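Student: From the sequence below, what's the structure:
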Amino acid sequence: MDRRRFLTGVSALGLGGWLAQPRTGAASDGDDRRLDAVIVGGGASGLAAAWLLKDYRIRVLEAESVAGGRTIGGQWRRFHYAKGTEYIGEPEGALAAWIDDLGLKALAIPPPTGGVAMNGRLWTGRDILGFLPGAARDDYERAAERLEALYEGGIGAAADRGLGPGVVETGARVERIERAADKEHPLRIHYVKAGRRNSLAARACVLTAPAPIAAAVGEPVLSGSARRTLASVPYAPYVTVNLMLERRVLHETWSVAAIGEIFVTLYDALRTQVAADYRGPAVLGVYVAPEHAADRSLMALSDRALVQRIVDGLERYVPGITGLVIDADIQRFDYAFPVFDTGHTKRLLALATDDSVAGPLVLAGDYMVYPTFDGAVESAVNAVDRLEEYFG
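Tutor: Presented below is the predicted three-dimensional model:
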């Protein structure tokens, strides 16, 4: 795969334009049950793979009601807010070139951009390191020069836009992938949508689901070694809660790292959408992480209990916030981030040398590169490279 072809092709429309356009090679032309490739999963790696394969007859099957994976966002009144990946560090590799070619506009976050919440006190601005002793505070000016930015509309907003008809099916939960007797279309992908069972015949499949799900749905075509390897990848859960408030409460800074609280980060979702002195209705983003990767207690909490615990914690920093809450949007990610433990290199080597994932089935996902948005896109490039070698 020529990566410049990928990037130049994307830049022709821009990501949002691409998602809104029907593909000339889409499955809607002719027999839509027999395809060149089926992509299982409509997250970052799945959407990137779809673009890379745009000249083929393809279909993307996404289990959720919207495509985007961890890049989804929401709207409340006139405001956009992130429900997953919205703010990224400096992109690298394929993603960096993609963003550059797209001409996406980076929005600078008005300073101050960072803060710390601990023991009921909020540190921002020049006092951000006030909770630390000694000369650590002297480094603040240097650290404050770091660029904080997001991309206009958010990464999630791009994935939320209208998708080309006949390319992406949402609400399509894949049950299994199996081999077929048809030599030209050796794979059959079975899925359920709206209570009905469907199947697609394909020359190939790009499996971008989280590793344990990939192990289950790909069981009929994966080797025993590949199944065991995929099933062994640990994942950490994650929860985002966006609180809709009667007034803006976080205006001193954009993000706050919390220490010793149920929440780990707070975001002023309005930072680039309103004036600095705005104090009207607002959205406060609250990110909640488990104590450790194997901790599933967050996922067991009811929505009401989760919001109550968050608001109780926030009362220490914003007294009276309980009475400001109008609503809450809760997003739970069971497979938020793959854990790169000490055995992960061996997993990657095992998958790289396993013939059962060298075509017609190939794998993509951040667990194949690194658990970031960049890693997800890079994995799609690698997967399609492998698939085109298989196609010859």
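
Student: From the rest of the structure, what touches the top helix by length along the chain?
Tutor: Scanning the chain for the longest helix, with DSSP state H as the assignment, gives helix 373-391. Here helix 373-391 makes contact (CB atoms under 8 Å, 6 or more residues apart in numbering) with 1, 3, 6, 37, 43-46, 48-49, 52-53, 69-71, 85, 88, 91-96, 98, 155, 203-204, 206, 208, 358-360, 362-366, 368-370. In short, each C-beta sits where N, CA and C put it, glycine included.

Student: just how off-centre is that helix within its chain?
Tutor: From the chain centre to the centre of helix 373-391 is a distance of 17 Å (CA atoms, centre = their mean, to the nearest Å).

Student: in it, what's buried?
Tutor: Buried residues in helix 373-391, counted by 16 or more other CB atoms under 10 Å: 373-384, 386-388.

Student: for stretch 268-278, same thing?
Tutor: 268, 269, 270, 271, 272, 274.

Student: Redo those residues as a markdown table? Include secondary structure, pLDDT and distance to residue 116.
Tutor: Compiled in a markdown table, these are given as follows (DSSP: H, G, I helix; E, B strand; the rest coil; pLDDT from 0 to 100; distance: CB to CB, whole Å):
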| residue | secondary structure | pLDDT | distance to residue 116 |
| --- | --- | --- | --- |
| 268 | strand | 93 | 15 |
| 269 | coil | 91 | 19 |
| 270 | coil | 91 | 21 |
| 271 | coil | 89 | 17 |
| 272 | coil | 85 | 22 |
| 274 | coil | 92 | 23 |
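
Student: Out of those residues, which comes closest to residue 280?
Tutor: residue 274 (7.8 Å; CB to CB).

Student: Centre-most residue in the chain?
Tutor: residue 70 (2.4 Å; CA atoms, centre = their mean).

Student: That residue: what secondary structure?
Tutor: helix (DSSP: H, G, I helix; E, B strand; the rest coil).

Student: I figured it hits residue 84, correct?
Tutor: Yes - with contacts counted by CB atoms under 8 Å, residue 70 reaches residue 84, the gap being 3.8 Å.

Student: follow-up on the earlier one: can I get the longest helix of the chain in PDB, CA atoms only?
Tutor: Only the C-alpha atoms of helix 373-391 are listed here, as PDB (Å, rounded to 0.1, in the frame of the first residue of the first chain):
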ATOM      1  CA  PHE A 373      -5.500   7.100  18.000                       C
ATOM      2  CA  ASP A 374      -2.200   7.300  16.000                       C
ATOM      3  CA  GLY A 375      -1.700   3.600  16.700                       C
ATOM      4  CA  ALA A 376      -5.200   2.600  15.500                       C
ATOM      5  CA  VAL A 377      -4.600   4.500  12.200                       C
ATOM      6  CA  GLU A 378      -1.100   3.000  11.800                       C
ATOM      7  CA  SER A 379      -2.500  -0.500  12.300                       C
ATOM      8  CA  ALA A 380      -5.000   0.000   9.500                       C
ATOM      9  CA  VAL A 381      -2.200   1.000   7.100                       C
ATOM     10  CA  ASN A 382      -0.300  -2.200   8.100                       C
ATOM     11  CA  ALA A 383      -3.300  -4.400   7.800                       C
ATOM     12  CA  VAL A 384      -4.200  -3.200   4.300                       C
ATOM     13  CA  ASP A 385      -0.500  -3.500   3.300                       C
ATOM     14  CA  ARG A 386      -0.800  -7.200   4.300                       C
ATOM     15  CA  LEU A 387      -4.200  -7.600   2.600                       C
ATOM     16  CA  GLU A 388      -2.900  -6.200  -0.700                       C
ATOM     17  CA  GLU A 389       0.000  -8.600  -0.600                       C
ATOM     18  CA  TYR A 390      -2.600 -11.400  -0.200                       C
ATOM     19  CA  PHE A 391      -4.600 -10.000  -3.100                       C
END
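
Student: Of the buried residues of helix 373-391, which is the nearest to residue 79?
Tutor: residue 373 (22.4 Å).

Student: Can you give me the pLDDT of the closest one?
Tutor: Residue 373 carries a pLDDT value of 83.

Student: likewise residue 253?
Tutor: In this prediction, residue 253 has a pLDDT value of 86.

Student: ditto for residue 92
Tutor: 70.

Student: Could you tell me how far the closest residue to it other than its chain neighbours is located from residue 297?
Tutor: Nearest residue to residue 92, sequence neighbours excluded (CB to CB, 6 or more residues apart in numbering): residue 374, at 5.4 Å. Using CB to CB, to the nearest Å, residue 374 is found at 30 Å from residue 297.

Student: likewise residue 34?
Tutor: For residue 34, the distance to residue 297 - CB to CB - is 46 Å.

Student: With neighbour numbers in mind, choose between the two.
Tutor: residue 34 (15 against 9; other CB atoms under 10 Å).
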